[in-house]
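Participant: sequence and predicted structure below; questions after.
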Amino acid sequence: MSPVAYRGRWTLDDRGEGFYRELPVNVPDGAPALTVRLAFDRRAGVLDLGCFGPAGFRGWSGGARDSFTIAADWATPGYLPGPLEGGTWRVCLGLHRIPPGGLAYEVVVDTAPATAPPVPPALPPPQRPPRRELPAEPGRRWLAGDLHSHTVHSDGALTVDELAHLAAAGGLDFLAVTDHNTVSHHPSLAAAGRRAGVVLLPGQEVTRDAGHANAFGDVGWIDFRRPADDWLTETEQRGGLLSVNHPLANDRAWRHPMARRPRFAEIWHWTWLDRRWGGPLAWWLAWDPTVLPLGGSDFHSPAQGRPLGVPTTWVQCPGGDVTPDDVLAGISAGRIALSAGRDAPVLLRVGDELVVVGGDGTYLVDPHGGRRVVLGDRQSYPARPGPHRLEAPDNALVALVA
């Protein structure tokens with residue numbers, strides 16, 4: 001078919017009437033590829049970009065890309081390769097930021113043959129530091145991980161293999177790869193994890209303008225256009241876990257109404273830059289103190305200067321070889337602890353005890369605000385129900401356990 005072009009101007013009224021707009025395109029049977037190019041003034045506004053075929057979701061890149069290609073045996077990261085069904089396809093635009101004067105745009109769609117990009121060369125094995133041995137229940141061990149990261153499949157800078165190698169080199173045992181509104185990275189996770197020696201958890205960051213949530217597990221694509229209550233129901237019905245992300249992070253703060261609370265929330269996010277500020281803890285206790293706290297770096301690129309595993313989420317898992325399902329089972333069971341980094345002080349629940357490692361000179365704070373000074377590199381205390389934390393003398397958070 002000849003290229004098809006849409007041109008127009010989105011206004012504030014358009015944005016008020018509906019966030020997502022779809023442009024229909026008729027794709028003929030046997031088309032070798034579908035290429036979409038979006039043009040607008042990025043200095044003036046933001047438009048998100050995605051695609052749905054006759055059978056449903058085929059990819060999303062949000063505001064990270066202005067073009068994509070889908071072919072039978074390859075696709076732009078963020079999109080699903082496979083045969084192009086003949087029929088009506090829909091280019092989906094998200095009206096993320098529209099200026100008062102409106103935002104002009106052009107979308108050009110073509111079905112001409114397209115050439116796949118070259119395959120990156122294989123990476124050398126990563127150099128992993130020794131694992132940290134921490135007190136655990138019999139037959140279990142604590143694994144260090146990060147529950148929030150991105151690759152080129154959304155707005156990250158690294159491939160899945162590059163991200164896995166970086167995680168292993170940083171001493172992490174597991175990493176959730178949570179690209180925005182897509183599952184195109186899922187097929188490559190298991191092999192990339194084996195090559196790097198790190199467990200990669202399938203995830204997706206379900207992303208809307210009123211807040212984001214991580215859906216963990218091999219649950220298939222979650223329709224981000226639906227209300228947040230549907231995200232929770234669909235994720236749980238498919239055997240996954242849903243967590244509210246960075247609930248106090250500027251314009252990405254959580255503002256979705258929900259009839260039922262998820263069991264998890266990313267209380268410790270990289271945006272908690274000054275841990276003397278009690279905002280995230282206050283949000284947690286006001287939202288629901290029974291929600292299990294998680295941590296995530298929200299890693300996108302080494303250039304940002306925010307390393308993977310800061311903060312670190314520890315999960316107590318079975319000894320021996322561990323699968324993504326083992327890690328998710330540990331999270332679901334609440335065998336979780338959070339620390340500022342892999343080698344930072346930790347506060348762990350081990351059986352009927354709370355164990356502090358590396359916390360000499362901190363305060364152990366109980367759910368009622370009671371404090372006791374931790375003396376020595378390793379101390380154990382009778383465990384009580386509810387969240388506990390380690391604080392520095394200046395009230396900065398050091399470690400956290402539900």
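Facilitator: The structure has been received and is ready for your questions. Residues are numbered from 1 along each chain as shown.
Participant: for this protein, what helix or strand is lowest in average pLDDT?
Facilitator: When each helix and strand of the chain is scored by mean pLDDT, DSSP states H and E, helix 279-287 comes last, with a mean of 94.
Participant: ok and the next helix-or-strand element following it relative to helix 279-287, angle-wise?
Facilitator: Where DSSP states H and E defines the elements, the next helix or strand beyond helix 279-287 is strand 292-296. With axes from the mean of the first three to the mean of the last three CA atoms, to 10 degrees as the basis, strand 292-296 and helix 279-287 are set at 150 degrees to each other.
Participant: who does strand 292-296 touch, helix- and strand-wise?
Facilitator: Using 3 or more CB pairs under 8 Å, 6 or more residues apart in numbering; DSSP states H and E, the elements in contact with strand 292-296 are strand 264-269, strand 312-318, strand 336-339. (Glycine included, C-beta is placed from N, CA and C.)
Participant: what's in contact with the shortest one?
Facilitator: Where contact means CB atoms under 8 Å, 6 or more residues apart in numbering, the residues beyond strand 336-339 that reach it are 142, 267-268, 292-295, 311-316, 330, 345-349, 398-402.
Participant: which of these count as buried?
Facilitator: Neighbour-count burial (16 or more other CB atoms under 10 Å) is assigned, among the contacts of strand 336-339, to 142, 267-268, 292-295, 311-316, 330, 345-349, 398-402.
Participant: show me the helices in the stretch 101-250 of the chain, by range?
Facilitator: 160-169, 189-196, 228-237 (DSSP state H, counting those that start in this stretch).
Participant: and the residue positioned nearest the centre of the chain, how far from residue 331?
Facilitator: Nearest to the geometric centre of the chain sits residue 178, at 3.3 Å (CA atoms, centre = their mean). Applying CB to CB, to the nearest Å, the value for residue 178 to residue 331 is 14 Å.
Participant: list residues touching both of these two?
Facilitator: In contact with both residue 178 and residue 331: residue 216, using CB under 8 Å, 6+ apart.
Participant: show me where pLDDT drops low in this protein?
Facilitator: Regions of the chain meeting the criterion pLDDT under 70 cover residues 1.
Participant: what about 90?
Facilitator: 1-2, 249-252 (pLDDT under 90).
Participant: in contact with the closest residue in space to residue 104 that isn't next to it in sequence, which residues?
Facilitator: Spatial nearest neighbour of residue 104, excluding adjacent residues (CB to CB, 6 or more residues apart in numbering): residue 9 at 4.8 Å. Neighbour list for residue 9: 102-105 [criterion: CB under 8 Å, 6+ apart].
Participant: how close does residue 9 sit to residue 65?
Facilitator: Taken as CB to CB, the span from residue 9 to residue 65 is 21 Å.
Participant: where do the strands sit along the stretch 251-400 of the chain?
Facilitator: Using DSSP state E, counting those that start in this stretch, the strands found in the stretch 251-400 of the chain span residues 264-269, 292-296, 312-318, 336-339, 346-350, 353-357, 363-365, 371-373, 378-382, 388-391, 397-401.
Participant: possible to save these as JSON lines with distance to residue 199?
Facilitator: JSON lines is the format used below for the strands of the stretch 251-400 of the chain (distance: least, CB to CB, whole Å):
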{"stretch": "strand 264-269", "distance to residue 199": "18"}
{"stretch": "strand 292-296", "distance to residue 199": "16"}
{"stretch": "strand 312-318", "distance to residue 199": "9"}
{"stretch": "strand 336-339", "distance to residue 199": "16"}
{"stretch": "strand 346-350", "distance to residue 199": "20"}
{"stretch": "strand 353-357", "distance to residue 199": "23"}
{"stretch": "strand 363-365", "distance to residue 199": "31"}
{"stretch": "strand 371-373", "distance to residue 199": "36"}
{"stretch": "strand 378-382", "distance to residue 199": "27"}
{"stretch": "strand 388-391", "distance to residue 199": "27"}
{"stretch": "strand 397-401", "distance to residue 199": "22"}
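Participant: assign residue 64 to helix, strand or coil.
Facilitator: coil (DSSP: H, G, I helix; E, B strand; the rest coil).
Participant: run a quick neighbour tally on the residue nearest to it when sequence neighbours are not counted.
Facilitator: The shortest distance from residue 64 to any non-neighbouring residue, by CB to CB, 6+ apart, is to residue 155 (3.9 Å). A count of nearby residues for residue 155, using other CB atoms under 10 Å, gives 19.
Participant: wait, residue 155 touches residue 178, no?
Facilitator: No: between residue 155 and residue 178 there is no contact under CB atoms under 8 Å: 11.5 Å.
Participant: and the least confident helix or strand of the chain, what does it pack against?
Facilitator: strand 264-269.
Participant: the contacts of residue 9, buried ones only, as a ChimeraX selection?
Facilitator: Selecting only the buried entries of the contacts of residue 9 in ChimeraX, with 16+ other CB under 10 Å as the criterion:
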select :102,103,105
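Participant: dump the helices and strands packed on strand 292-296 to TSV, plus distance to residue 124.
Facilitator: Formatted as TSV, the helices and strands packed on strand 292-296 follow (distance: least, CB to CB, whole Å):
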stretch	distance to residue 124
strand 264-269	32
strand 312-318	25
strand 336-339	29
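Participant: thank you kindly, that will do.
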